[in-house]
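Novice: Here is my input; please provide its structure:
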Amino acid sequence: MTELNDSTYVENGQVLGLDPQDPIYVDYRHNFDGEPTALNHPEMLRLQWSHGHQGTIVNGISRIGYMKGGHAARWNDSTMAPYFVDRMRQWLDTIPRTHPFFLYYALHEPHVPRVPSKLFEGKSGMGARGDVVLEADWCVGELMKALDERGLTDNTIVIFTSDNGPVLNDGYKDQAVELAGSHDPSGGYRGGKYSLFDAGTRVPFFVYWRRHIQPGVCSSLVSQLDLAASLAQLTGQPLPYGLDSKPYPDTFLGKSRKGRKALIVEAYGHLALRYGHYAMIPPYKGKKVSVEGIETGLDNHYTLYDLQSDPHQQHDLSQEKPYLLKKLKKIFAKLTGGKMEEAIKAGLKK
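Specialist: Predicted coordinates:
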């Protein structure tokens, strides 16, 4: 298993290439003496920060927080994509063809800082963000190619999804906003990353199983949480009682339209409710537009939207449908154990 820890690779619990004589120290509040940051050494930057990323400089890019040490183990941003592709291929080579496996392959693109490899640098015509989107597409293609080469595609379910909605300006001046042109990464939906509006909590979700799943579109309401129970049921594993995860294997395989009736969604520590084709956002204190320029969905009163007739969430129904709003409040309180209702009331009184 390979993962990232600040500016290093961690594999099987060990930092790769770490010199024991040069340990890593991390602090998210205070800088270490003598360590360069965007504030005290801006001349070292090759990518300018816009907000929140003014910490320790690694590879000419300032990061969130502060670190020192671990110099031999620090990554190179522009080689991360091919490195992960190679590790993915190497790992698949260790799996016998008839042996069940689970591979979680986390793409780092198009997360910031957006630093494409030389193979894709300048290729999109839309700046670094466009380049790393091309790179992400290549990485997925390499994964599919690796499965094909090993004769695994017909017996492997591939799931492609994301952790949140889109964002252009996410802390660096990489011209993502200026070069987006007419492209709308939110697809016309309201909000984006950090938002309780639908563009923040509705994410891409593709399920592919060659010769088993017919191409199609499903509008059933499901959560990524449901993958755990669904895959467990699909592979004949027992399901513990009381899981938040719900089993919908036939829905994911395109054989059913069954889905959740209600779902709690989250953005930046705030919770909201999806109930059928309705979206209810409780009142919260906070900015209506984030520093990234995204509508957060925060307001000082409950808002209610019918996503079937108003998918772009332009018409608040909270005053027009008081009985429905009352019903959804009760469902929200039940699903959150009443804790969120108490927190909301306390927060609004401050």
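Novice: Do a quick rundown of the strands in the stretch 51-200 of the chain.
Specialist: Assigned by DSSP state E, counting those that start in this stretch, the stretch 51-200 of the chain shows strands spanning 57-58, 61-62, 66-68, 158-161.
Novice: Show the contacting residues for Gly254.
Specialist: By Cβ atoms under 8 Å, 6 or more residues apart in numbering, Gly254 lies in contact with 207, 213-214, 216, 218. Quick note: C-beta positions are derived from backbone N, CA and C, even for glycine.
Novice: in the stretch 101-250 of the chain, which spans are helices?
Specialist: 127-149, 198-201, 226-234, 249-252 (DSSP state H, counting those that start in this stretch).
Novice: nearest spatial neighbour of the most centrally placed residue in the chain, skipping sequence neighbours?
Specialist: Centroid-nearest residue in the chain: Asp163, 2.1 Å away (criterion: Cα atoms, centre = their mean). Spatial nearest neighbour of Asp163, chain neighbours left out: Val203 (7.1 Å); criterion: Cβ to Cβ, 6 or more residues apart in numbering.
Novice: Dump the strands of the stretch 51-200 of the chain to CSV, plus mean pLDDT and mean neighbour count.
Specialist: Shown next, in CSV, are those (pLDDT from 0 to 100; neighbours: other Cβ atoms under 10 Å):
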stretch, mean pLDDT, mean neighbour count
strand 57-58, 95, 21
strand 61-62, 97, 23
strand 66-68, 96, 19
strand 158-161, 98, 14
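Novice: about what we covered before: so which of the contacts of Gly254 is the closest to Gln233?
Specialist: Val207 (14.8 Å; Cβ to Cβ).
Novice: Which pLDDT value does the model give that closest one?
Specialist: Turning to Val207, the model gives it a pLDDT of 98.
Novice: That one touches Ile213, doesn't it?
Specialist: Yes: Val207 is in contact with Ile213 according to Cβ atoms under 8 Å; the separation is 6.3 Å.
Novice: overlap in contacts of those two?
Specialist: Joint contacts of Val207 and Ile213 (Cβ under 8 Å, 6+ apart) are 253-254.
Novice: just to revisit the earlier point, which residues does the residue nearest to Asp163 contact?
Specialist: Applying Cβ under 8 Å, 6+ apart, the residues contacting Val203 are 161-165, 224.
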